[in-house]
Structures are given as C-alpha cells and as structure tokens.
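K.L.:
Below is the sequence, then the predicted model.
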Amino acid sequence: MKAAVLKAFDAPLAIETVPDPVLGTGEVIVDVAASKVLAYAGEVLSGKRGYLITPPLVPGAGGVGRVRAVGPDAVQLAVGDWVFCDPTVRSRDDAAAPSIILQGLTAGDARGLSLQKYFRDGTWAEQVRVPTENVAPLGTIEPGDAARWCALGTYLVPFGGFLAANLQAGETVLVNGATGAFGSAGVAVALGMGAGAVLATGRNQQALDDLVRRFGPRVRPVRMTVDEEADRQSILRAAPGPIDCVLDLLPPAASAAQVRAALLAVRPYGRVVLMGGLGQDIGVPYGWLMRNCVTLHGQWMYPRDAIGRMIGLVRAGLVKLDEVEVTRFALDDATAAIDHAAANAGPFKVTAICP
Ligand SMILES: NC(=O)c1ccc[n+]([C@@H]2O[C@H](COP(=O)([O-])OP(=O)(O)OC[C@H]3O[C@@H](n4cnc5c(N)ncnc54)[C@H](OP(=O)(O)O)[C@@H]3O)[C@@H](O)[C@H]2O)c1
C-alpha cells in the first residue's frame with residue numbers, strides 16, 4: 001500500500017509503498033478515506049514538541065474509512081462499514097491504569113512505548129490496522145463527507161473534558177482558549193450538551209465575535225489581556241451567575257497565569273478540567289482548592305463510549321459538522337497538507353489527507 005513515512009525527525013515525509021498491514025485477533029483493518037492533520041503536526045514530526053514517537057513510522061492520528069477486514073472476535077463490525085478510527089489506544093493488561101498512546105502521534109509516557117511499537121503506524125496510509133475497540137461505526141455517510149466526519153476527533157476532546165466534569169444541562173461553562181481549534185469545538189459541544197451559558201475566553205476579538213455570530217447569545221465572549229486579576233474580573237462580570245465548570249485548552253505557549261485567571265473563577269464546589277498543553281506548574285492555592293471543595297481533573301482524550309454519544313450529538317443536529325470548513329489533500333501532498341494545517345489553525349477548520 002501507499003503510505004507517508006517519517007524516517008527521522010525533521011526529514012521530509014517519504015511517500016512510498018510499504019507492506020500492507022496484517023490482521024490479527026482483536027484488530028480491524030480499515031481502508032482510510034480521510035485523516036485529520038493537526039495544526040501542530042509539523043512541530044510533532046520535526047521533534048520540536050518532544051512527542052514520544054520513534055521513527056520510522058506512518059503518522060496520522062485517527063480518521064474515517066471503511067472496514068476492510070475484521071478479526072475473528074468482532075461481533076458487530078462488517079466489511080464495508082463506515083467507521084471512525086479512534087487513535088486513543090489503551091493497554092489491555094492494566095484495567096485500572098492503562099497506558100495510553102495516540103496511534104500515529106505519541107505515547108503518553110515511557111510505559112506506553114512497547115504498546116506504541118506495535119500500534120505505531122497511523123492513518124496517513126491507504127490502510128491502517130487498529131484495535132477492534134478503537135473502531136466506531138458511523139452509520140451511512142456520503143463518501144465525500146469522510147473528511148468532514150474527521151472533525152469528530154476535534155469535538156471528542158472537549159467532550160471528554162465535559163464528561164469528566166459531569167457537565168449538566170443548564171450549567172454555566174467557561175472554555176479557556178475558546179478561539180483555538182479544540183477550544184472552539186468545546187464551545188460547540190458545551191452548547192450541544194445543553195449548557196445554559198458558555199463563557200468563551202480569548203485574546204482575539206474577531207474570533208470571539210465569530211463564536212457569538214455562529215452560536216448566538218448563549219455564548220458570552222471574554223477578551224483576555226493576559227493580566228491575571230483583570231482577566232478574572234472580566235470573566236466574573238460576563239458570567240450570568242456562578243461558573244459551574246471550567247475547561248482549559250490553552251496551548252504550550254500560554255502561561256500559568258492565563259490558566260489561573262479562568263480556573264480560580266469557578267464557583268465553590270465547581271469542577272475544573274485541564275486538557276491543554278502547558279508544560280509548567282500552575283500554582284493553584286492549596287487552601288482555595290480545599291476550602292471551596294473544588295474538583296480539579298486532568299483529562300487526556302475521552303472514554304471509549306464517548307465516541308458513540310458524540311456521533312449521536314452530531315446525528316441529532318446538536319453539534320453541526322457543516323460548521324466545519326474542510327480542505328482535502330492527496331497522500332502524495334502530505335507535506336503541503338501539514339503546511340496548510342499550520343497556516344489555517346483555529347476554529348472549525350479541518351485539513352485532511354485523503355489517501
Ligand atoms: N487533553 C487532550 O486530550 C488534548 C487533545 C488534543 C489537544 N490538546 C491540547 O490542546 C491545546 C490546544 O490546541 P489547539 O490546537 O486548540 O491550539 P490552538 O488552535 O493554537 O488554540 C489555542 C488558543 O489558545 C489561545 N492562547 C492564549 N494564549 C496563547 C499564547 N500565549 N499563545 C498561543 N495561543 C494562546 C489562542 O487564542 P487567542 O489568541 O484568542 O488568545 C488560541 O486560539 C494544545 O496544547 C493541545 O496539545 C489536548
């Protein structure tokens with residue numbers, strides 16, 4: 001099959017013929033129709049982000065395609081089914097604390113490296129081999145919509161955060177970094193889950209205005225100035241009442257003060273979920289956390305059963321994929337796709353490689 005191969009960090013991707021994946025028990029082989037390209041894929045493949053991958057490998061985290069072959073233990077999947085391939089592969093030999101790898105992207109920690117050696121290759125290829133439990137049926141879709149359905153991978157991330165926070169309909173939510181790719185998806189998902197109001201923070205006024213234009217008055221934009229106390233006061237002024245739940249999705253370049261500006265705005269007994277990319281301590285006051293009975297939750301990705309429910313939110317029209325602007329690239333143009341994704345980061349955009 002044809003695949004894009006990363007042979008060494010910072011080497012150009014080689015588009016070449018590699019052996020077809022071989023099916024094992026507990027696995028599914030999918031003919032890849034589309035795979036999302038992260039805005040920061042170039043930083044991952046150059047080694048700049050320090051992600052735990054060991055070239056050579058086929059990059060590409062998750063995607064959409066049709067089942068080509070199922071292992072003998074599959075009970076529901078059938079050849080030809082349209083499916084979403086979830087890159088979140090969990091070790092099966094530690095039920096309490098599984099290692100997580102993102103297939104084709106990174107291991108979570110050194111524990112996951114052996115798992116990654118096996119499920120190393122991702123979706124920038126004509127075929128991908130995935131654990132059976134990572135394949136979620138989409139139902140009938142138009143073949144031309146495969147790249148659009150890749151946006152599920154973006155919406156699922158904040159959905160995982162809101163599930164961790166046990167978000168309830170009618171609650172007031174704050175999304176920190178709401179003008180980013182995952183943050184803006186968080187705004188859409190919170191509204192789809194029935195949030196009464198969504199405080200959307202960001203420095204980019206135009207992007208904040210766009211969120212209000214798309215989603216209406218349940219979205220309350222809050223312009224951030226990167227002055228912690230001033231920003232928190234702006235948040236509290238914009239809130240219609242106590243803030244029940246805060247979801248942080250700031251990138252590595254943001255500061256601890258930017259996280260705290262939002263985090264410390266949560267109400268007593270509120271819930272905070274950290275999903276962003278900060279590489280530093282955030283300095284949350286112990287006494288504040290304790291006396292206010294605040295729950296602070298770290299969340300990487302989402303539980304397996306979130307995928308079916310996310311598809312349900314889309315099928316019900318509660319989260320709308322037609323919001324998403326899709327740009328498609330052939331596998332031969334994978335490098336151009338990476339450049340395009342970097343130059344077109346931000347809300348409601350999918351750059352997809354369509355093998
Ligand atoms: N936990 C998980 O499962 C999970 C999964 C996927 C991704 N992530 C993480 O989510 C984070 C966000 O990814 P993304 O693709 O949404 O990023 P993004 O598109 O770059 O968005 C980040 C947003 O943060 C805001 N921001 C505030 N301070 C910033 C600063 N100093 N520099 C740059 N932006 C700043 C920006 O909005 P303004 O310019 O308007 O302020 C920007 O829109 C990443 O760190 C990624 O690793 C986590």
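P.N.:
Ah, there it is.
K.L.:
hmm, who's touching the helix or strand of the chain with the lowest mean pLDDT?
P.N.:
Lowest by mean pLDDT, DSSP states H and E among the helices and strands of the chain is helix 113-118, with a mean of 92. Residues from elsewhere that reach helix 113-118 (C-beta atoms under 8 Å, 6 or more residues apart in numbering): Leu52, Ile53, Thr54, Val89, Ser91, Ser99, Ile101, Gln103, Ala107. Glycine gets a C-beta too; all of them are placed from N, C-alpha and C.
K.L.:
cutoff 7 Å now
P.N.:
Under the contact criterion C-beta atoms under 7 Å, 6 or more residues apart in numbering, helix 113-118 has outside partners Leu52, Val89, Ser91, Ser99, Ile101, Ala107.
K.L.:
Please tell me how far the fourth one sits from Val28.
P.N.:
In other words, Ser99. As judged by C-beta to C-beta, to the nearest Å, Ser99 and Val28 stand 21 Å apart.
K.L.:
Could you do the third one as well?
P.N.:
Applying C-beta to C-beta, one obtains 18 Å for the distance of Ser91 from Val28.
K.L.:
Show me which of these two is the more surrounded one.
P.N.:
Val28 (24 against 15; other C-beta atoms under 10 Å).
K.L.:
wait, what's in contact with the more buried one?
P.N.:
By C-beta under 7 Å, 6+ apart, the neighbours of Val28 are Val67, Val70, Gly71, Ala74, Leu77, Val130, Thr132, Val135.
K.L.:
Most neighbours among the contacts of helix 113-118, please name it.
P.N.:
Going by other C-beta under 10 Å, Ile101 tops these with 29 neighbours.
K.L.:
Doesn't that residue lie inside a helix?
P.N.:
No - read with DSSP: H, G, I helix; E, B strand; the rest coil, Ile101 is strand and lies in no helix.
K.L.:
Name whatever forms a beta bridge with it.
P.N.:
Beta bridges link Ile101 to Val89, Ala107 when assigned by DSSP bridges.
K.L.:
per-domain residue ranges of this structure.
P.N.:
2-151+324-354, 156-298 (automatic domain parsing).
K.L.:
tell me which residues in stretch 13-25 are buried?
P.N.:
Leu13, Ile15, Val18, Pro21 (16 or more other C-beta atoms under 10 Å).
K.L.:
for stretch 294-314, same thing?
P.N.:
Neighbour counts over stretch 294-314 (16+ other C-beta under 10 Å) mark Val294, Thr295, Gln299, Met301, Tyr302, Ala306, Ile307, Met310, Ile311, Leu313, Val314 as buried.
K.L.:
Could you export that stretch as PDB, CA atoms only?
P.N.:
Provided in PDB are the C-alpha atoms of stretch 294-314 (Å, rounded to 0.1, in the frame of the first residue of the first chain):
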ATOM      1  CA  VAL A 294     -13.300  22.400  44.000                       C
ATOM      2  CA  THR A 295     -12.600  19.300  41.900                       C
ATOM      3  CA  LEU A 296      -9.600  19.600  39.700                       C
ATOM      4  CA  HIS A 297      -9.400  17.000  37.000                       C
ATOM      5  CA  GLY A 298      -6.800  16.200  34.400                       C
ATOM      6  CA  GLN A 299      -8.100  14.600  31.200                       C
ATOM      7  CA  TRP A 300      -6.400  13.100  28.200                       C
ATOM      8  CA  MET A 301      -8.800  12.400  25.400                       C
ATOM      9  CA  TYR A 302     -12.100  10.700  26.200                       C
ATOM     10  CA  PRO A 303     -13.500   7.400  27.300                       C
ATOM     11  CA  ARG A 304     -14.300   4.800  24.600                       C
ATOM     12  CA  ASP A 305     -18.100   5.100  25.000                       C
ATOM     13  CA  ALA A 306     -17.900   8.800  24.300                       C
ATOM     14  CA  ILE A 307     -17.500   8.200  20.600                       C
ATOM     15  CA  GLY A 308     -20.900   6.700  20.100                       C
ATOM     16  CA  ARG A 309     -22.500   9.500  22.100                       C
ATOM     17  CA  MET A 310     -20.600  12.200  20.100                       C
ATOM     18  CA  ILE A 311     -21.800  10.600  16.900                       C
ATOM     19  CA  GLY A 312     -25.300  10.800  18.500                       C
ATOM     20  CA  LEU A 313     -24.900  14.500  19.200                       C
ATOM     21  CA  VAL A 314     -24.000  15.100  15.500                       C
END
